[in-house]
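# take a look and give me a structure for this.
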Amino acid sequence: MSRASSSLTGLLLWLALSSSQAAELTAQVDRTRLNAGETVELTLETHDVTQFGKPDLSVLDQAFEVRDTRQVNSLTTLDGTSQANTRWLITLLPRHTGSVEIPPVQLGDSRSQPVILQVLPGNAQETGNELAPVFIEASLDKDTVYVQAQAVLTLRIYHSVSLFDDSSLSPLQLPDARIEKLGDTPLTYEKLINGIRHGVIETRYAIYPQQSGRLKIPALVFSATQVQTNSAAGPGQQQALNPYGPQPGKALQVSSAEISLQVKPRPDVWPADRPWLPASAVNLEESWNPETTHLQAGDSVTRTLTLKVEGLSASQLPPLPEQDLLGLRRYPDQPQLSNQPGERGLTGSRKESEALVPNRPGSIDLPAVELTWWNTREDHIEHSSLPARTLEVSANPGLAVDTPVGGEQGLLPAWLWLWQLSTLFFACTTLLGLWLWWRARGLPAVARAAQAGPSPRSVLDDLKRACLANDPQATRQALDAWARQQPETLADMAARFVPLSDALDGLNGALYSETGQLWLGEELWRAIRSLPTVEHAENSGGDAGLPPLYPK
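Numbering: from 1, shown residues only. The predicted model follows:
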């Protein structure tokens with residue numbers, strides 16, 4: 001009995017948690033701007049599995065006429081987790097124009113958020129005193145635009161008769177303009193014109209003229225087949241229609257009117273060295289991963305810049321200004337482009353990411369990112385920018401190279417010069433002491449002390465195997481071990497031998513790039529094998545005074 005009680009308690013707890021997590025009732029519409037007499041589709045959606053009723057639509061009667069209501073249930077399974085989904089599709093006809101609010105709708109304990117609509121006075125197209133059964137209305141959102149700026153063409157096909165699903169619209173072709181279709185499928189709704197209900201098929205295009213002057217938008221042709229009924233049949237067609245055979249129909253074809261668009265050239269005040277960027281709004285953002293400006297030399301941080309422009313497609317957006325900084329290596333990824341259609345046209349997005357790797361300690365100043373664009377709404381130049389940043393880089397004790405290759409070899413700290421001079425002094429005194437000891441003892445040879453750690457030959461073999469295996473991580477470790485046995489630092493060797501510097505750049509690119517790169521280590525191994533030896537002062541004539549090992 002206790003087990004059954006605990007199971008029931010667990011089930012009730014799970015239902016309560018599921019209800020609290022998915023009890024939200026969301027509301028959205030297919031568009032927020034419409035003309036008087038047009039319908040709008042309201043979608044109410046919930047994931048609450050405990051709701052079995054219907055939403056209370058009585059709150060809509062004051063401002064809308066509820067034309068139709070449909071319920072759609074679905075079950076989605078993702079990664080072994082099932083999620084129930086219930087949607088109500090409600091067709092509404094506003095009762096008045098202006099700003100109209102869809103009030104919150106109640107479903108159990110959940111309430112949807114309010115939605116604001118803008119209902120504009122509508123104009124009906126007439127043929128004489130009567131409306132044609134099918135006609136097209138074509139309009140532009142503006143009569144004049146700048147070259148390469150956006151103009152939105154809207155085509156509305158009205159029909160008061162039933163049509164088959166074989167309708168088609170001729171493609172829009174403009175040799176002197178780029179065309180982007182807004183939305184994958186046409187928008188369908190209803191509109192009441194002179195007391196007659198019309199179905200509406202709406203298609204929208206974003207047009208970007210490439211030349212100044214007058215652009216003529218040609219007429220588009222809509223073809224469809226009208227459904228014939230008994231009431232529309234002639235005197236010789238009084239028999240009933242065959243529900244299983246082909247249905248009779250009437251071919252229809254209507255055309256839109258030609259429209260002219262005035263295209264203005266680029267303004268004279270626009271700077272000639274900046275890319276032309278006409279837009280209605282620009283948003284420039286940046287993000288960091290990890291979100292810190294304090295790094296160690298050799299660490300990697302990813303900087304992402306995102307440019308969103310309202311009124312242009314992603315393919316029209318220029319690259320952001322490049323910044324080559326001393327002491328900082330950059331490994332950029334491919335830019336990501338995307339378009340988001342909306343009620344005002346396209347919003348293009350360009351995202352640029354790059355890995356930044358500092359190669360010296362200290363402060364590295366990143367300058368501000370500035371972008372110049374032309375505000376098409378207010379007709380003037382504007383500037384968008386990101387503030388300058390400073391990277392604080394500390395020394396990395398595990399990094400063998402702490403000076404940039406080819407840029408700052410002369411800026412060695414004082415302690416490094418002192419260490420090099422003291423090393424040379426002790427090397428000379430050691431050689432002199434060994435020579436005197438050999439003369440005193442009269443030994444035939446001087447026995448070398450046993451070397452601690454791996455031999456230079458084994459370290460070089462490890463480096464060769466890692467390079468030829470094209471393994472950047474193993475090559476980095478073997479390279480550090482080999483460099484510690486050399487008389488100079490890896491930075492000094494790369495500074496005096498350009499092939500080694502280029503090979504190290506390729507290795508760092510493979511190590512720090514986010515997307516990963518195919519790295520071939522043969523170039524690095526060939527550079528190491530071809531590295532010229534450094535001439536030390538202590539080697540010149542150092543062995544001239546030694547007697548032969550085996551004197552005769």
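# list the contacts for the residue nearest to residue 366 when sequence neighbours are not counted?
In space, and not counting its chain neighbours, residue 366 is closest to residue 389: 4.5 Å by CB to CB, 6 or more residues apart in numbering. For every residue, glycine as well, the C-beta is placed using N, CA and C. For residue 389, the contact set (CB atoms under 8 Å, 6 or more residues apart in numbering) comprises 293, 365, 366.
# could I get these as a markdown table with secondary structure, distance to residue 470 and pLDDT?
Shown next, in a markdown table, are these (DSSP: H, G, I helix; E, B strand; the rest coil; distance: CB to CB, whole Å; pLDDT from 0 to 100):
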| residue | secondary structure | distance to residue 470 | pLDDT |
| --- | --- | --- | --- |
| 293 | coil | 34 | 80 |
| 365 | strand | 37 | 89 |
| 366 | strand | 33 | 90 |
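# mind giving me the ChimeraX command for buried ones among the residues you listed?
Filtering these down to the buried ones (16 or more other CB atoms under 10 Å) takes a single ChimeraX command:
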select :366
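# and of the contacts of residue 389, the nearest to residue 332?
When those are compared for distance to residue 332 (CB to CB), residue 366 wins out at 14.6 Å.
# any idea how far stretch 271-278 is from the chain center?
Computed by CA atoms, centre = their mean, to the nearest Å, the chain-centroid distance of stretch 271-278 equals 23 Å.
# tell me the buried residues in that stretch?
Those buried within stretch 271-278 under the rule 16+ other CB under 10 Å are 276, 277, 278.
# hang on, the earlier thing: of all the contacts of residue 389, which comes closest to residue 419?
Closest approach between the contacts of residue 389 and residue 419, by CB to CB: residue 365, at 30.2 Å.
# still on that earlier bit, distance of the residue nearest to residue 366 from residue 283?
19 Å (CB to CB, to the nearest Å).
# next secondary structure after the longest helix along the chain?
Identified as the longest helix of the chain according to DSSP state H is helix 414-441. For helix 414-441, the following helix or strand on the C-terminal side (DSSP states H and E) is helix 456-468.
# remind me what that next one packs against, helices and strands.
Applying 3 or more CB pairs under 8 Å, 6 or more residues apart in numbering; DSSP states H and E, we find helix 456-468 packed against helix 472-484, helix 522-529.
# where does the nearest residue to residue 293 once chain neighbours are set aside sit: helix, strand or coil?
If the residues on either side of it in the chain are set aside, residue 293 comes closest to residue 391, at 5.3 Å by CB to CB, 6+ apart. Put simply, residue 391 is strand when judged by DSSP: H, G, I helix; E, B strand; the rest coil.
# so how far is residue 322 from residue 391?
Taking CB to CB as the measure, residue 391 falls 17 Å from residue 322.
# out of the two, which sits in the more crowded spot?
Comparing residue 391 with residue 322 by other CB atoms under 10 Å, the one with more neighbours is residue 391, at 20 against 9.
# the more buried one: what's it in contact with?
Residue 391 makes contacts with 293, 294, 295, 301, 328, 356, 358, 363, 364, 365, 366, as judged by CB under 8 Å, 6+ apart.
# ok, 7 Å please
If a contact means CB atoms under 7 Å, 6 or more residues apart in numbering, then residue 391 has 293, 295, 358, 364, 366 as its contacts.
# adding distance to residue 305, write the residues you listed out as CSV.
Listed next are the contacts of residue 391 as CSV, based on distance: CB to CB, whole Å:
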residue, distance to residue 305
293, 16
295, 19
358, 19
364, 17
366, 11
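# which of these lies closest to residue 377?
Residue 377 lies nearest to residue 366 out of those, by CB to CB, at 31.4 Å.
# what's the most distant pair in the contacts of residue 391?
Maximum pairwise distance in these, criterion CB to CB, is 12.3 Å, between 295 and 366.
# export the longest strand seen in the chain as PDB, just CAs?
Longest strand in the chain by number of residues, with DSSP state E as the criterion: strand 177-193. C-alpha atoms of strand 177-193 as PDB (Å, rounded to 0.1, in the frame of the first residue of the first chain):
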ATOM      1  CA  ALA A 177      18.200  45.000 -59.900                       C
ATOM      2  CA  ARG A 178      18.700  42.200 -57.400                       C
ATOM      3  CA  ILE A 179      15.500  40.500 -56.200                       C
ATOM      4  CA  GLU A 180      14.900  38.600 -52.900                       C
ATOM      5  CA  LYS A 181      11.600  36.900 -52.300                       C
ATOM      6  CA  LEU A 182      10.200  37.500 -48.800                       C
ATOM      7  CA  GLY A 183       9.000  34.300 -47.400                       C
ATOM      8  CA  ASP A 184       9.000  30.800 -48.800                       C
ATOM      9  CA  THR A 185       5.200  30.600 -49.300                       C
ATOM     10  CA  PRO A 186       2.600  33.300 -50.100                       C
ATOM     11  CA  LEU A 187       0.500  34.700 -47.300                       C
ATOM     12  CA  THR A 188      -3.300  33.800 -47.500                       C
ATOM     13  CA  TYR A 189      -6.100  35.500 -45.800                       C
ATOM     14  CA  GLU A 190      -9.600  37.000 -46.400                       C
ATOM     15  CA  LYS A 191     -10.900  40.500 -47.000                       C
ATOM     16  CA  LEU A 192     -14.400  41.900 -47.100                       C
ATOM     17  CA  ILE A 193     -14.900  44.300 -50.000                       C
END
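# quick one, what contacts the residue lying closest to residue 112 once chain neighbours are set aside?
In this structure, residue 112 finds its nearest non-sequential neighbour in residue 27, 3.8 Å apart by CB to CB, 6+ apart. Contact analysis of residue 27 by CB under 7 Å, 6+ apart lists 42, 44, 102, 105, 112, 113, 115.
# residue 27: which element?
According to DSSP H and E, residue 27 maps onto strand 25-29.
# quick one, helices of the stretch 1-150 of the chain?
Secondary structure of the stretch 1-150 of the chain by DSSP state H, counting those that start in this stretch: the helices cover 2-22.
# would you map the strands across it?
Remark: strands assigned in the stretch 1-150 of the chain by DSSP state E, counting those that start in this stretch are 25-29, 33-35, 40-46, 64-78, 81-94, 98-102, 106-107, 110-111, 115-120, 134-140, 144-146.
# circling back: the longest strand of the chain versus strand 81-94: what angle between them?
Orientation check (axes from the mean of the first three to the mean of the last three CA atoms, to 10 degrees): strand 177-193 against strand 81-94 gives 60 degrees.
# what helices or strands is strand 177-193 leaning on?
When contacts are defined as 3 or more CB pairs under 7 Å, 6 or more residues apart in numbering; DSSP states H and E, strand 177-193 sits against strand 196-209, strand 345-358.
# closest to residue 81 out of those strands?
Across these, closest to residue 81 is strand 345-358 (CB to CB), at 30.0 Å.
# tell me which strands that closest one pairs with, and in which orientation.
Here strand 345-358 has these sheet partners by DSSP bridges: strand 301-310 (antiparallel), strand 328-332 (antiparallel), strand 336-342 (antiparallel).
# ok so, going back, now do the longest strand of the chain, average pLDDT.
In this model, strand 177-193 has a mean pLDDT of 91.
# can you tell me what sits against it?
Residues outside strand 177-193 that contact it (CB under 7 Å, 6+ apart): 30-31, 37-41, 93, 124, 131, 158, 172, 197-210, 215, 313, 341, 345-346.
# among those, which ones are buried?
Among the contacts of strand 177-193, those scoring as buried are 37-41, 93, 124, 131, 158, 172, 198-209, 215, 313, 345-346 (criterion: 16+ other CB under 10 Å).
# return the residues in contact with the nearest residue to residue 300 once chain neighbours are set aside.
If the residues on either side of it in the chain are set aside, residue 300 comes closest to residue 512, at 4.3 Å by CB to CB, 6+ apart. With contact set as CB under 7 Å, 6+ apart, residue 512 has these partners: 300, 331, 355, 357.
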